[in-house]
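Trainee: Provided below for reference: sequence and predicted model.
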Amino acid sequence: MLEGNDLYIGYKLIEDIHSPNHGLLLKKGSILTNKEVRRLSRFNISISSYISSIQEPGQAFYEHVNEQVNQFKSDFDRFGEDQSRLKIVESEMIPTLTKLANDIDIQMLMLSMKSHDDYTYRHNIAVSMLASKLATWLGYSEGEVNRIAFCGLLHDIGKTRIPSEILNKTDKLTKNEFAIMKHHATFGYTMLREQGFEEDLLRVALEHHEREDG
């Protein structure tokens, strides 16, 4: 359970934070990671005075996200026939998504994804960006953060093999339709394995609906 300053991991500072001896600890605009929260706690600094309340993302951020959603939608819809696009997505989209994730706090990120339009694509973008933020907070290297973000982006890749009338259905799925939908995990695993992707990505595609107890 998160307690005290732990609740503020991922928040953006609205002003500089100084130590009791007036030394600069963190600059305005910094995103609080687990390491930085621990450091501030050692100085008995209450973070609540240095963070902003929840705000709507700016128009520029929405535009950037929508660009990525549209690009991913185009690529995603072609993955079933042209799986070579997967490696291009990794090199072209992931650096942009991790940069966007780092430039916004967690509440603003979630608000930017609340639209029901293009849900399947926005969901994958959101998972990728959230995974990126979590990896950053946990102190992973830039390469590891990008890899984790890529896993998040493609966790539902198997849905490209699900009939569009089922994938895009707005009403409740029938028992048979739901059974078909559940196959997207194994479809994704097979697609990525055939392309020679590493085990980490294969497991994310296959196991992302598994419960902790198996």
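Mentor: Noted; the coordinates are in hand.
Trainee: helices of this protein, start to end?
Mentor: Ranges of helices within the chain are 34-42, 59-76, 85-92, 94-102, 106-112, 119-137, 142-153, 164-167, 175-181, 184-194, 199-207, based on DSSP state H.
Trainee: just the CA atoms of the third one, as PDB, please.
Mentor: Output of helix 85-92 as PDB, limited to C-alpha atoms (Å, rounded to 0.1, in the frame of the first residue of the first chain):
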ATOM      1  CA  ARG A  85       5.500  -3.300 -39.900                       C
ATOM      2  CA  LEU A  86       6.100  -4.400 -36.300                       C
ATOM      3  CA  LYS A  87       9.800  -3.600 -36.300                       C
ATOM      4  CA  ILE A  88       9.200  -0.300 -38.000                       C
ATOM      5  CA  VAL A  89       6.700   0.600 -35.300                       C
ATOM      6  CA  GLU A  90       9.300  -0.200 -32.600                       C
ATOM      7  CA  SER A  91      11.800   2.100 -34.100                       C
ATOM      8  CA  GLU A  92       9.500   5.000 -35.100                       C
END
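Trainee: so which bits of it are buried?
Mentor: Of all the residues in helix 85-92, those buried under the rule 16 or more other C-beta atoms under 10 Å are Leu86, Val89, Glu90. In this view, the C-beta of every residue, glycine as well, is placed from N, C-alpha and C.
Trainee: for the closest residue to the second one other than its chain neighbours, what are its contacts?
Mentor: With C-beta to C-beta, 6 or more residues apart in numbering as the criterion, Val89 has its nearest non-adjacent residue at 5.5 Å, and that residue is Asp75. Asp75 makes contact with Arg85, Ile88, Val89, Met93, according to C-beta atoms under 8 Å, 6 or more residues apart in numbering.
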